[in-house]
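> any chance you could fold what I've pasted below:
(chains A and B)
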2 protein chains.
Amino acid sequence: MAAINFSITAQEGRARRGKLSTPHGVIDTPAFMPVGTAATVKTLDGADLENLGAQVVLANTYHLLLRPGADLVERHGGLHGFMGWDGPIVTDSGGFQVFSLGWGLVHGVGKVATMFPGSRGGTARSGKRLMRVGERGVRFRSHLDGSEYELTPESTTGLQQQLGADVMMAFDECTSPLHNKEYTADAMERTHRWAERCLAAWTERKRQALFGIVQGGAYRDLREASARFIDGRPFPGVAIGGSLGKTKRDMRNVLEWTTPLLAPEKPRHLLGIGEIPDIFLAVRHGVDSFDCVAPTRQARNGTVYLSPRNGGTVRNKFRLNVSAAKFADDPRPLDPGCECFTCQNHSRAYLRHLFSAHEVLGPRLATIHNLHFVLGLMGSIRTAISRKRLAALAEAYGVA
Amino acid sequence: MAAINFSITAQEGRARRGKLSTPHGVIDTPAFMPVGTAATVKTLDGADLENLGAQVVLANTYHLLLRPGADLVERHGGLHGFMGWDGPIVTDSGGFQVFSLGWGLVHGVGKVATMFPGSRGGTARSGKRLMRVGERGVRFRSHLDGSEYELTPESTTGLQQQLGADVMMAFDECTSPLHNKEYTADAMERTHRWAERCLAAWTERKRQALFGIVQGGAYRDLREASARFIDGRPFPGVAIGGSLGKTKRDMRNVLEWTTPLLAPEKPRHLLGIGEIPDIFLAVRHGVDSFDCVAPTRQARNGTVYLSPRNGGTVRNKFRLNVSAAKFADDPRPLDPGCECFTCQNHSRAYLRHLFSAHEVLGPRLATIHNLHFVLGLMGSIRTAISRKRLAALAEAYGVA
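Below is the predicted model:
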């Protein structure tokens, strides 16, 4: 028996509603996966996630390798036992973080430069890469203490097996939008050779699934070649990774080139994407799951989601920053009508005060709201697919 | 009808078990009051406190005056509405913080120097006071932005009425253990005159109680004079404040001089004390309630309570620091056998990892444990008083 089972229960155009069964439970798709980088979705624990109705968490192999180490996590029951979360867990391969240490810094790529903590320091400015890619794998230095590590397709597969992920990701080389086609093609070919090695190293087939990753940057022929290659290998699921180009148009293109070439019966994950218009776009191209730090990271600086009914628009990114002075005396909840714990119990004025006073309860309450919002949006999307009302839902969000 | 009603339900020697009824519910005494300085017990919200079985929170008028301001809190339903806590709330008068800005800094008094954030900066080293005491009240500068404020008996009583506290504290001048007797006597006399003015300014007698504060440092005749004076005024409760001297022996003396002079039917609060041996000592001298930042502040740096059954002693202050490397691989809960949420769900290894990775979930989970521990200790003390087994309980903690 395979580790996962995926069944599609409704379709509207290319959009699919489904159920992804894992050894630790079912994930209703399209799904959003909160990111628990260091074995905690920051400010929350497993019980909080359960209360939020989260069905899955994505954790970062790179960060866990550095601290506290995969051996230690394994001794404590894998990530499930260690972090006290009994639901499904997905791990990435570390490829994206290694990319951040490398080309992301050299190229100062927006997404990466702002997403990776290490890139705020001197390293980013010096433009010196902390990693070297070779055929065997990647050598890099820890952003924490400079100590040297190596990740290979075999080691990252083994690490993810130790972490006990229900879904693991193959080791890939991410390129940046500033790489030329020649380098992007080289990296893609290397990613394909690494994919074969990950499959060979994948020993926990009964307990843990392994997704292949489609690369190829924003180049049509590369994306198509990569989609065909990864789809043709015995991965139970496929992720779309790497650079989705420089514009929304590029992202749309990558999705249009890629998803039609993927076997419909396999689940499809879009790595690192989570803005609301992007979720709608990708769902309509047949993507089944997402992970993104945006909802939780934004929450920690006071940026909280706002429904269209309360003025959320594509233009304001469906957000307001509750730490702004104008909310100091606002008795309304963050998003009036929202049924999350935070909105049911606390006012904008209180949240603004907490952020103003640097009280960590602020980030926590905002995180609860933002995850509730995104998880609720995914629920609405699933319902809409069943009712063939996805276009109407997108229109309600102004992303038609 | 008075705002509070206090009834003693059991006694063992001078120790009393009782019920303090307030407009927002009953507090079983002896009670520990978690400190919610800025309208949050740091890392927790009202629902968390309810889950912990906390029956009361103490908030700091000084901090709330500076940020977000009492007018704003009042507009949002007082502290109860603003912070989402329906249980009893006690506020202090700001006197202690003003003392911290003044003599606490000049004298570098341990308790204050370590307890007051502002004292870590240049102010403490320069030894320059940020406040001036006069007959009218105290002028001081905010530790946040240097802006000037004045607190008087009338204004602090009005502020606490705006905050909506169930129990307010009279405005007092705290002295340090380094003040001589002459100054301590002057400050005590001033505190007594201020107490009369607080009583005169106290207009919400039906909804809010006002406690007088006994001062007098570690001087027997002053403490006795202050206890007699405060006890003789129409305060529904009495707090023991100010300097309890330089040693445990001094604290014992202050309690021995003071509590026998207080009317037994009034509740007695000991301000700012919360170490376990001190709680036992004070309970045995007839103290009914305590507030202290220690359990929550310690939790935030990873210092968590340990029961005697797991090696907690007076010597190690019933604590271990879970952020230490030796706990990195320890699968046990913080305090094996503890029934708190943290101990039921998480290991020392996970907590150590969270502190090591600077994840705010660490302080939160440690805070939950420490408050559960102290609140549980108070429950054990109450049961022991009813069974006349307080000495045996103290002995189990090695504080006989």
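
> residue ranges with poor pLDDT in chain A?
Residues of chain A meeting the criterion pLDDT under 70: A:1, A:102-106, A:108-129.

> looks like A:K206 contacts A:T22 (just checking).
No. With contact defined as CB atoms under 8 Å, A:K206 does not count as touching A:T22 (12.0 Å). C-beta: built from backbone N, CA, C; applies to glycine.

> anything in contact with each of those two?
Taking CB atoms under 8 Å, 6 or more residues apart in numbering or on different chains as the contact rule, A:K206 and A:T22 both touch A:A3.

> so between these two, which is more surrounded?
Applying other CB atoms under 10 Å in any protein chain shown to A:K206 and A:T22 shows that A:T22 carries more neighbours, namely 23 against 10.

> tell me what the more buried one is bridged to.
Counting by DSSP bridges, A:T22 is bridged to A:G25.

> could you tell me how far it is located from A:E275?
Plainly put, A:T22 is 26 Å away from A:E275 if you go by CB to CB, to the nearest Å.

> cool, and A:R190?
Between A:R190 and A:E275 the computed distance is 29 Å (CB to CB).

> ok, A:Y350 next?
A:Y350 is 27 Å from A:E275, where distance means CB to CB.

> which of those two has more neighbours?
A:Y350 (30 against 18).

> SS state for that one?
helix (DSSP: H, G, I helix; E, B strand; the rest coil).

> is it in contact with B:M83, as I believe?
Yes. The pair A:Y350 / B:M83 is scored as a contact, 6.5 Å apart, by CB under 8 Å.

> what do the two both touch?
Common neighbours of A:Y350 and B:M83 (CB under 8 Å, 6+ apart) are B:A39.

> strands along the stretch 201-350 of chain A, start to end?
A:209-214, A:237-240, A:268-270, A:289-291, A:303-305, A:319-321 (DSSP state E, counting those that start in this stretch).

> how about the contacts made by A:D145?
Contacts of A:D145 (CB under 8 Å, 6+ apart): none.

> return the set of buried residues in the strand or helix carrying A:A47.
A:A47 is part of helix A:46-52 when elements are defined by DSSP states H and E. Applying a neighbour-count criterion of 16 or more other CB atoms under 10 Å in any protein chain shown, one finds A:G46, A:D48, A:L49, A:L52 buried in helix A:46-52.

> make TSV out of those and add distance to chain B.
Formatted as TSV, the buried residues of helix A:46-52 follow (distance: CB to the nearest CB, whole Å):
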residue	distance to chain B
A:G46	7
A:D48	9
A:L49	11
A:L52	14
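
> B:A324: which of the residues you listed is nearest?
Comparing the buried residues of helix A:46-52 against B:A324 with CB to CB picks out A:G46 as the nearest, at 24.1 Å.

> is it true that A:Y219 touches A:E182?
No. Contact criterion CB under 8 Å: A:Y219 and A:E182 do not qualify, at 10.3 Å.

> ok, the two, which is more surrounded?
A:Y219 (22 against 8).

> next up, the contacts around A:F171.
Contacts of A:F171 (CB under 8 Å, 6+ apart): A:S93, A:G94, A:G95, A:G137, A:L151, A:T152, A:P153, A:T156, A:T157, A:W194, A:R197, A:C198.

> swap that for A:F327, please
Applying CB under 8 Å, 6+ apart, we find A:F327 in contact with A:L320, A:R348, A:A349, A:L351, A:R352.

> rerun that using 10 Å as the cut-off
Listed by CB atoms under 10 Å, 6 or more residues apart in numbering or on different chains, the contact set of A:F327 reads A:302, A:320-321, A:334, A:347-353, A:355-356.

> spell out the secondary structure type for A:L58.
Here A:L58 is recorded as strand under three-state DSSP.

> excluding chain neighbours, what is closest to the residue in the stretch 201-350 of chain A that chain B sits nearest to?
Using CB to the nearest CB, A:N345 is the residue of the stretch 201-350 of chain A that sits closest to chain B, at 4.8 Å. Spatial nearest neighbour of A:N345, excluding adjacent residues (CB to CB, 6 or more residues apart in numbering or on different chains): B:G84 at 4.8 Å.

> same check, this time on A:T203
A:Q161 (6.8 Å).

> surely the one you found and A:M168 touch.
Yes. Assessed by CB atoms under 10 Å, A:Q161 is found in contact with A:M168 at 7.2 Å.

> lovely, talk soon.
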